[in-house]
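**Q** Quick one, what's the 3D model for this:
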Amino acid sequence: MDDTETLRHADLAASNIPAALALSTGVGWNQTAADWALFIAHGRVIGLWDGEGRLVATAATFPYDNGFGWISMVIVAPDWRRRGLARRLMMECIETLRRQGRAALLDATPAGAEVYAQLGFVSLCGMERWQGEGGTAPTWAGVAPLPPNATPDLTAADGLAFGADRSFLLRDFLARDGSLALHSGEALAVVRRGARATQLGPLIAPSAESASRLLAGALALARGPVFLDLLESGKDLAPLLEANGFRIQRAFRRMALGRDTLPGNPAQLVCAAGPEFG
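**A** Model prediction:
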(Lines give C-alpha, C1' and ligand atoms only; values in the text may rest on other atoms or scores of the structure.)
Protein backbone atom coordinates (compact mmCIF):
# COMPACT_ATOMS: atom_id res chain seq x y z
CA MET A 1 0.00 0.00 0.00
CA ASP A 2 1.15 3.52 -0.77
CA ASP A 3 1.95 5.02 2.63
CA THR A 4 0.25 8.29 1.64
CA GLU A 5 -3.03 6.36 1.74
CA THR A 6 -2.56 5.84 5.48
CA LEU A 7 -2.52 9.57 6.22
CA ARG A 8 -5.47 10.88 8.21
CA HIS A 9 -7.31 13.71 6.48
CA ALA A 10 -9.24 16.35 8.42
CA ASP A 11 -9.87 20.07 8.57
CA LEU A 12 -7.91 21.90 11.26
CA ALA A 13 -9.58 23.34 14.36
CA ALA A 14 -8.27 25.88 16.85
CA SER A 15 -6.84 23.05 18.94
CA ASN A 16 -4.52 22.19 16.01
CA ILE A 17 -2.82 25.60 15.91
CA PRO A 18 0.31 24.44 17.82
CA ALA A 19 0.81 21.59 15.33
CA ALA A 20 0.27 23.94 12.37
CA LEU A 21 2.72 26.47 13.80
CA ALA A 22 5.30 23.73 14.32
CA LEU A 23 4.93 22.77 10.65
CA SER A 24 5.26 26.31 9.28
CA THR A 25 8.15 27.34 11.54
CA GLY A 26 9.87 24.04 10.80
CA VAL A 27 10.12 25.00 7.12
CA GLY A 28 11.19 28.57 7.91
CA TRP A 29 7.95 30.41 7.18
CA ASN A 30 6.98 33.68 8.91
CA GLN A 31 3.40 32.91 9.99
CA THR A 32 2.32 33.20 13.62
CA ALA A 33 -0.27 31.41 15.72
CA ALA A 34 -2.56 34.40 15.14
CA ASP A 35 -2.25 33.90 11.37
CA TRP A 36 -3.21 30.25 11.67
CA ALA A 37 -6.15 31.22 13.88
CA LEU A 38 -7.37 33.57 11.14
CA PHE A 39 -7.21 30.86 8.50
CA ILE A 40 -9.11 28.42 10.70
CA ALA A 41 -11.77 30.94 11.79
CA HIS A 42 -12.36 32.63 8.44
CA GLY A 43 -11.38 30.01 5.88
CA ARG A 44 -10.67 26.32 5.63
CA VAL A 45 -7.40 24.59 6.47
CA ILE A 46 -6.99 21.00 5.32
CA GLY A 47 -4.50 18.82 7.17
CA LEU A 48 -2.88 15.42 6.74
CA TRP A 49 -1.55 13.52 9.76
CA ASP A 50 0.79 10.54 9.80
CA GLY A 51 0.37 7.39 11.88
CA GLU A 52 2.14 8.98 14.84
CA GLY A 53 -0.31 11.87 14.93
CA ARG A 54 2.10 14.40 13.41
CA LEU A 55 0.67 17.05 11.08
CA VAL A 56 2.71 16.59 7.87
CA ALA A 57 0.86 18.69 5.27
CA THR A 58 -1.56 21.59 5.05
CA ALA A 59 -3.32 23.79 2.53
CA ALA A 60 -5.79 26.60 3.12
CA THR A 61 -8.52 28.50 1.33
CA PHE A 62 -9.24 32.05 2.45
CA PRO A 63 -12.44 33.46 0.92
CA TYR A 64 -13.00 37.13 0.14
CA ASP A 65 -16.09 38.85 -1.15
CA ASN A 66 -16.32 39.88 -4.80
CA GLY A 67 -16.14 36.32 -6.07
CA PHE A 68 -12.62 35.16 -5.30
CA GLY A 69 -10.50 33.57 -2.59
CA TRP A 70 -6.86 32.86 -1.84
CA ILE A 71 -5.14 29.47 -1.74
CA SER A 72 -2.15 29.40 0.59
CA MET A 73 -0.28 27.63 3.39
CA VAL A 74 0.49 24.72 1.06
CA ILE A 75 3.15 23.11 3.26
CA VAL A 76 4.51 19.57 3.20
CA ALA A 77 7.01 18.34 5.80
CA PRO A 78 10.40 17.61 4.16
CA ASP A 79 10.20 13.86 4.78
CA TRP A 80 6.82 13.66 3.00
CA ARG A 81 7.65 15.66 -0.10
CA ARG A 82 7.55 14.42 -3.71
CA ARG A 83 4.65 12.06 -3.02
CA GLY A 84 1.89 14.18 -4.53
CA LEU A 85 0.52 15.61 -1.28
CA ALA A 86 0.72 19.26 -2.34
CA ARG A 87 -1.13 18.56 -5.58
CA ARG A 88 -3.72 16.47 -3.75
CA LEU A 89 -4.43 19.29 -1.29
CA MET A 90 -4.35 21.94 -4.02
CA MET A 91 -7.05 20.13 -5.98
CA GLU A 92 -9.22 20.02 -2.87
CA CYS A 93 -8.71 23.75 -2.30
CA ILE A 94 -9.65 24.53 -5.90
CA GLU A 95 -12.81 22.46 -5.52
CA THR A 96 -13.67 24.21 -2.24
CA LEU A 97 -13.54 27.65 -3.89
CA ARG A 98 -15.32 26.37 -7.00
CA ARG A 99 -18.22 25.14 -4.87
CA GLN A 100 -18.40 28.61 -3.32
CA GLY A 101 -18.53 30.21 -6.77
CA ARG A 102 -15.14 31.88 -6.30
CA ALA A 103 -12.14 32.21 -8.57
CA ALA A 104 -8.90 30.94 -7.02
CA LEU A 105 -5.89 33.24 -6.63
CA LEU A 106 -2.48 32.48 -5.17
CA ASP A 107 1.12 33.65 -5.00
CA ALA A 108 3.45 30.97 -6.34
CA THR A 109 7.19 30.48 -6.31
CA PRO A 110 8.69 29.96 -9.79
CA ALA A 111 8.71 26.18 -9.29
CA GLY A 112 5.15 26.22 -8.00
CA ALA A 113 4.03 28.42 -10.89
CA GLU A 114 5.00 25.70 -13.35
CA VAL A 115 2.86 23.17 -11.49
CA TYR A 116 -0.10 25.53 -11.12
CA ALA A 117 0.03 26.46 -14.80
CA GLN A 118 -0.62 22.79 -15.56
CA LEU A 119 -3.77 23.05 -13.44
CA GLY A 120 -5.02 26.00 -15.51
CA PHE A 121 -3.77 28.95 -13.45
CA VAL A 122 -2.67 32.00 -15.42
CA SER A 123 0.03 34.44 -14.35
CA LEU A 124 -1.25 37.98 -13.71
CA CYS A 125 1.75 39.79 -12.20
CA GLY A 126 5.02 39.34 -10.41
CA MET A 127 5.92 39.89 -6.77
CA GLU A 128 9.26 39.90 -4.95
CA ARG A 129 9.94 39.30 -1.27
CA TRP A 130 12.58 41.73 -0.03
CA GLN A 131 14.46 41.13 3.20
CA GLY A 132 16.58 43.52 5.25
CA GLU A 133 16.99 45.23 8.61
CA GLY A 134 14.78 47.94 10.03
CA GLY A 135 16.13 51.19 11.39
CA THR A 136 18.41 51.81 8.41
CA ALA A 137 16.46 54.49 6.55
CA PRO A 138 16.29 58.12 7.70
CA THR A 139 12.93 59.11 9.14
CA TRP A 140 10.84 61.04 6.62
CA ALA A 141 8.77 63.98 7.76
CA GLY A 142 5.06 63.48 7.36
CA VAL A 143 5.02 59.76 8.22
CA ALA A 144 3.03 59.05 11.38
CA PRO A 145 0.90 56.39 13.10
CA LEU A 146 -2.65 56.30 11.83
CA PRO A 147 -5.10 57.39 14.56
CA PRO A 148 -7.44 54.58 15.65
CA ASN A 149 -10.48 56.57 14.51
CA ALA A 150 -9.00 56.63 10.98
CA THR A 151 -8.85 52.84 10.64
CA PRO A 152 -11.91 52.92 8.32
CA ASP A 153 -9.79 55.00 5.92
CA LEU A 154 -7.23 52.19 5.84
CA THR A 155 -9.79 49.45 5.27
CA ALA A 156 -11.59 51.46 2.57
CA ALA A 157 -8.36 52.22 0.69
CA ASP A 158 -7.26 48.59 0.96
CA GLY A 159 -10.61 47.35 -0.28
CA LEU A 160 -10.44 49.52 -3.39
CA ALA A 161 -6.83 48.56 -4.16
CA PHE A 162 -7.14 44.85 -3.38
CA GLY A 163 -10.62 44.41 -4.80
CA ALA A 164 -12.39 43.01 -1.75
CA ASP A 165 -13.32 44.08 1.76
CA ARG A 166 -10.53 42.93 4.10
CA SER A 167 -11.59 44.97 7.13
CA PHE A 168 -11.81 41.80 9.25
CA LEU A 169 -8.21 40.95 8.33
CA LEU A 170 -6.77 44.42 8.96
CA ARG A 171 -8.61 44.75 12.26
CA ASP A 172 -7.11 41.44 13.33
CA PHE A 173 -3.61 42.58 12.34
CA LEU A 174 -3.95 45.87 14.23
CA ALA A 175 -5.28 44.19 17.39
CA ARG A 176 -2.03 42.23 17.74
CA ASP A 177 0.73 43.28 20.08
CA GLY A 178 3.34 45.39 18.27
CA SER A 179 1.24 46.08 15.17
CA LEU A 180 1.10 49.58 13.73
CA ALA A 181 -0.74 51.39 10.94
CA LEU A 182 1.18 54.22 9.31
CA HIS A 183 0.17 56.97 6.91
CA SER A 184 1.73 59.68 4.83
CA GLY A 185 -0.95 61.71 3.16
CA GLU A 186 -3.12 59.22 1.28
CA ALA A 187 -0.54 56.40 1.50
CA LEU A 188 -1.26 53.76 4.17
CA ALA A 189 0.60 50.71 5.47
CA VAL A 190 0.43 48.05 8.18
CA VAL A 191 3.46 46.74 10.08
CA ARG A 192 3.08 43.58 12.16
CA ARG A 193 5.23 40.98 13.87
CA GLY A 194 5.95 37.64 12.23
CA ALA A 195 7.59 34.47 13.50
CA ARG A 196 10.94 35.36 11.86
CA ALA A 197 10.66 39.01 10.87
CA THR A 198 8.46 42.08 10.93
CA GLN A 199 6.05 41.99 7.98
CA LEU A 200 5.42 45.29 6.18
CA GLY A 201 2.20 45.20 4.23
CA PRO A 202 -0.23 45.88 2.85
CA LEU A 203 1.03 49.23 1.59
CA ILE A 204 -1.47 51.21 -0.46
CA ALA A 205 -0.45 54.42 -2.22
CA PRO A 206 -1.85 56.59 -5.01
CA SER A 207 1.59 57.57 -6.33
CA ALA A 208 5.20 56.40 -6.39
CA GLU A 209 6.22 59.52 -4.43
CA SER A 210 3.81 58.87 -1.56
CA ALA A 211 4.71 55.16 -1.54
CA SER A 212 8.43 56.00 -1.34
CA ARG A 213 7.92 58.47 1.51
CA LEU A 214 5.81 56.02 3.53
CA LEU A 215 8.12 53.08 2.89
CA ALA A 216 11.16 55.06 4.04
CA GLY A 217 9.35 56.08 7.21
CA ALA A 218 8.24 52.51 7.91
CA LEU A 219 11.77 51.18 7.45
CA ALA A 220 13.09 53.86 9.81
CA LEU A 221 10.59 52.86 12.51
CA ALA A 222 11.00 49.09 12.18
CA ARG A 223 13.61 47.17 14.16
CA GLY A 224 15.23 43.85 13.42
CA PRO A 225 14.62 41.71 10.33
CA VAL A 226 11.94 43.00 7.96
CA PHE A 227 10.10 41.26 5.12
CA LEU A 228 7.98 43.00 2.50
CA ASP A 229 6.32 41.61 -0.62
CA LEU A 230 6.69 44.16 -3.42
CA LEU A 231 4.24 43.88 -6.29
CA GLU A 232 4.98 45.07 -9.82
CA SER A 233 3.17 48.32 -9.07
CA GLY A 234 5.95 49.13 -6.59
CA LYS A 235 8.94 48.33 -8.78
CA ASP A 236 10.13 51.95 -8.59
CA LEU A 237 10.84 51.38 -4.88
CA ALA A 238 13.59 48.83 -5.56
CA PRO A 239 16.41 51.45 -5.53
CA LEU A 240 15.23 52.71 -2.12
CA LEU A 241 15.26 49.19 -0.74
CA GLU A 242 18.69 48.43 -2.19
CA ALA A 243 20.10 51.68 -0.78
CA ASN A 244 19.01 50.51 2.67
CA GLY A 245 20.59 47.08 2.41
CA PHE A 246 17.50 45.12 1.39
CA ARG A 247 17.85 42.22 -1.03
CA ILE A 248 15.41 39.99 -2.89
CA GLN A 249 14.81 36.78 -0.97
CA ARG A 250 12.56 35.09 -3.51
CA ALA A 251 10.25 35.79 -6.43
CA PHE A 252 6.56 34.99 -6.75
CA ARG A 253 3.94 34.98 -9.50
CA ARG A 254 0.41 36.08 -8.66
CA MET A 255 -1.82 33.61 -10.49
CA ALA A 256 -5.52 32.98 -10.91
CA LEU A 257 -7.88 30.21 -11.94
CA GLY A 258 -11.31 31.35 -13.06
CA ARG A 259 -10.44 34.94 -13.97
CA ASP A 260 -7.86 36.59 -16.22
CA THR A 261 -7.42 39.98 -14.53
CA LEU A 262 -6.41 41.14 -11.07
CA PRO A 263 -9.27 42.44 -8.91
CA GLY A 264 -9.36 45.96 -7.54
CA ASN A 265 -6.91 48.68 -8.55
CA PRO A 266 -3.53 46.90 -8.74
CA ALA A 267 -1.67 50.15 -9.47
CA GLN A 268 -2.31 51.27 -5.88
CA LEU A 269 -1.49 47.99 -4.11
CA VAL A 270 2.27 48.41 -3.69
CA CYS A 271 3.06 45.75 -1.07
CA ALA A 272 0.95 42.68 -0.41
CA ALA A 273 -0.29 41.65 3.02
CA GLY A 274 1.82 38.56 2.36
CA PRO A 275 1.62 35.66 -0.09
CA GLU A 276 -0.70 33.87 2.33
CA PHE A 277 -3.28 36.70 2.39
CA GLY A 278 -2.82 38.40 -0.99
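
**Q** So what touches stretch 218-226?
**A** Stretch 218-226 has contacts (C-beta atoms under 8 Å, 6 or more residues apart in numbering) with 131-140, 143, 180, 182, 189, 191, 196-200, 203, 244, 246. Every C-beta, even on glycine, is put in place using the N, C-alpha and C of the backbone.

**Q** Give the buried residues for that stretch.
**A** The neighbour-count check on stretch 218-226 (16 or more other C-beta atoms under 10 Å) flags 218, 219, 220, 221, 222, 226 as buried.

**Q** State the pair within the residues you listed that is farthest apart.
**A** Among the buried residues of stretch 218-226, the pair separated by the greatest distance (C-beta to C-beta) is 220 and 226, at 11.0 Å.

**Q** circling back: inside helices: which ones of the buried residues of stretch 218-226?
**A** Those of the buried residues of stretch 218-226 mapping onto helices are 218, 219, 220, 221, per DSSP state H.

**Q** Tell me the one among these nearest to residue 64.
**A** residue 218 (24.7 Å).

**Q** gap between that closest one and residue 229?
**A** 14 Å (C-beta to C-beta, to the nearest Å).

**Q** now residue 47
**A** Note on residue 47: its distance to residue 229, by C-beta to C-beta, is 25 Å.

**Q** These two: which is more packed in?
**A** residue 229 (28 against 23; other C-beta atoms under 10 Å).

**Q** Now do the contacts for that one.
**A** Residues near residue 229 by C-beta under 8 Å, 6+ apart: 107, 127, 128, 129, 130, 201, 252, 271, 272, 274, 275.

**Q** tally of neighbours for the nearest residue to it once chain neighbours are set aside?
**A** Excluding its sequence neighbours, the residue lying closest to residue 229 (C-beta to C-beta, 6 or more residues apart in numbering) is residue 272, at 4.2 Å. Neighbourhood size, residue 272 [other C-beta under 10 Å]: 24.

**Q** ok, the ones in helices among the buried residues of stretch 218-226 vs residue 67, which is closest?
**A** Nearest member of these to residue 67, counting by C-beta to C-beta, is residue 218, at 31.7 Å.

**Q** ok, now how distant is that closest one from residue 180?
**A** For residue 218, the distance to residue 180 equals 9 Å [C-beta to C-beta].

**Q** Now do the shared contacts for these two.
**A** Residues touching both residue 218 and residue 180 by C-beta under 8 Å, 6+ apart: residue 191.

**Q** what sits against the nearest residue to residue 31 once chain neighbours are set aside?
**A** In space, and not counting its chain neighbours, residue 31 is closest to residue 24: 4.8 Å by C-beta to C-beta, 6+ apart. Applying C-beta under 8 Å, 6+ apart to residue 24 gives the contacts 31, 36, 73, 75, 195.

**Q** Got phi/psi on residue 24?
**A** Torsion angles at residue 24 (phi, psi; degrees, to the nearest 10) stand at phi -70, psi -40.

**Q** repeat for residue 277
**A** phi -110, psi -10.

**Q** and what of residue 165?
**A** In terms of degrees, to the nearest 10, the main-chain angles of residue 165 are phi -70, psi 120.

**Q** Fine, thanks again, bye for now.
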